[in-house]
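Colleague: 3D, please:
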Amino acid sequence: MRPRLSRRTAVAALVALASFAALVPTREAAAQAVTPIKFVLDWKLQGIHAWYYLAEDKGYFAEEKLAVTIDQGEGSAATVTKVMAGAYQAGFGDVNAIVQNAAAKPGQAPVMVYVLYNRAPYALIVKSSSPVNTPKDLEGRTLGTPAGGAAARMFPVIAAKAGIDAGKVKWTNVAPNLQEQLLLKDHVDGAAVFSVTSYMNLVAQGVDPDKDIRWFHYGDYGVELYGNGVMVSQQLVKDKPEAVAGLVRAVNKAVRDTIANPDAAIAALMKREPLLNKDLEKRRLMYTLKTVMLTPEVATQGLGDVSDARFARAFLQLKAAFDLQRVPTAAEVFDRRFLPPLAERRILAK
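Modeller: Numbers count the residues shown, from 1 in each chain. Sure thing, here's the model as predicted:
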């Protein structure tokens, strides 16, 4: 025969059970604890986006209670306008486009929270057989660019540094997937490109980009601009600062994992787009790491951060090139409060 509980014991048990139930979140409450984030890339899926999908597969977003939806983009400058419009809460895009928008529309532009491209991957390219041997030789010639392309948008900066009369350069919009092809077929004299994209596009077309193409990298002509990184809306910073910090932590982990094991990152990318050329995208990823990400500056200050002095000089270059009405403060453009500790971001330059 089971012993009967006393009334006092029974009441105490019910109180304890109710208290425990109050501490256990309901399914609805648990769902509400997850922050949804719509995230837009700078372009179509490529090896340079692999770390975002690796973060997803490894559960880094979930660990931070984030539900991140990743969409393809239409240009690194276009990312800024998409986040400004409220269509996305975060994205991967161009910090220099943030500067321009912050100058014109204070308080509305997104904020960069994690810089990935320590060296802006902007370049002008011509065929090696071209009579264009210096950037100034582009005067009187036609350059192709996709609509929203950041390299073309930033052309006035290299023009000012390299002595090009920008008014003497003609432009034509081209389909993104035809940019290199039109150059190779002489439909344009040159192109303003993202080196990390164009380099491998040329390889895919059977061209040796080191021998068959002449490159004018903006950074080689005194252009001190940074490039792409993770940006978030000001509303997300205001309403969900913990989500911003979590997003940055997750991306930082995935970038470090990608550097340590590129094959795993490319495998995560291929799960989303099996029709990509796996070997080409891995080569694109490695080229990006080598040329614009793992720089001596990153070896010193870690992934994600900027040099304040260089940042200030870059702002002045943008002001001169675009005749900005005002130079935004660094805090309007970049917020390092969300960066993980240096020990978690340090990567030796290769």
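Colleague: For this structure, just list every one of the strands.
Modeller: 35-40, 66-71, 90-94, 111-115, 122-127, 142-145, 170-173, 190-194, 213-217, 228-232 (DSSP state E).
Colleague: all helices for the stretch 1-150 of the chain, in order.
Modeller: 7-23, 27-32, 50-57, 60-63, 76-84, 95-104, 150-153 (DSSP state H, counting those that start in this stretch).
Colleague: which non-adjacent residue is nearest residue 281?
Modeller: In space, and not counting its chain neighbours, residue 281 is closest to residue 47: 3.5 Å by CB to CB, 6 or more residues apart in numbering. Any C-beta I mention is one placed from the backbone N, CA and C, and that applies to glycine too.
Colleague: So what's the residue count around the one you found?
Modeller: When counting by other CB atoms under 10 Å, one arrives at 29 neighbours for residue 47.
Colleague: Can you give the distance of stretch 303-314 from its chain's centre?
Modeller: Relative to its chain's centre, stretch 303-314 lies at 16 Å (CA atoms, centre = their mean, to the nearest Å).
Colleague: Stretch 70-85 now?
Modeller: 10 Å.
Colleague: before we move on, what about stretch 41-58?
Modeller: With CA atoms, centre = their mean, you get 10 Å for stretch 41-58.
Colleague: Now that stretch - C-alpha only, PDB.
Modeller: C-alpha atoms of stretch 41-58 as PDB (Å, rounded to 0.1, in the frame of the first residue of the first chain):
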ATOM      1  CA  LEU A  41      25.700  39.000 -49.600                       C
ATOM      2  CA  ASP A  42      27.600  41.300 -52.000                       C
ATOM      3  CA  TRP A  43      27.200  39.000 -55.000                       C
ATOM      4  CA  LYS A  44      26.300  35.600 -56.200                       C
ATOM      5  CA  LEU A  45      27.600  32.600 -54.300                       C
ATOM      6  CA  GLN A  46      31.400  32.200 -54.500                       C
ATOM      7  CA  GLY A  47      34.200  30.800 -52.400                       C
ATOM      8  CA  ILE A  48      34.500  34.100 -50.600                       C
ATOM      9  CA  HIS A  49      31.200  33.500 -48.900                       C
ATOM     10  CA  ALA A  50      32.000  30.000 -47.700                       C
ATOM     11  CA  TRP A  51      32.500  31.000 -44.000                       C
ATOM     12  CA  TYR A  52      28.900  32.200 -43.600                       C
ATOM     13  CA  TYR A  53      27.600  28.700 -44.600                       C
ATOM     14  CA  LEU A  54      30.300  27.000 -42.400                       C
ATOM     15  CA  ALA A  55      29.000  29.100 -39.500                       C
ATOM     16  CA  GLU A  56      25.500  27.900 -40.200                       C
ATOM     17  CA  ASP A  57      26.600  24.200 -40.500                       C
ATOM     18  CA  LYS A  58      28.700  24.300 -37.400                       C
END
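Colleague: measure residue 286 to residue 261 for me?
Modeller: Residue 286 sits 12 Å away from residue 261, going by CB to CB, to the nearest Å.
Colleague: got it, and residue 234?
Modeller: Distance of residue 234 to residue 261, given as CB to CB: 35 Å.
Colleague: quick one, which of the two is more surrounded?
Modeller: More crowded of residue 234 and residue 261, by other CB under 10 Å: residue 234, with 16 against 12.
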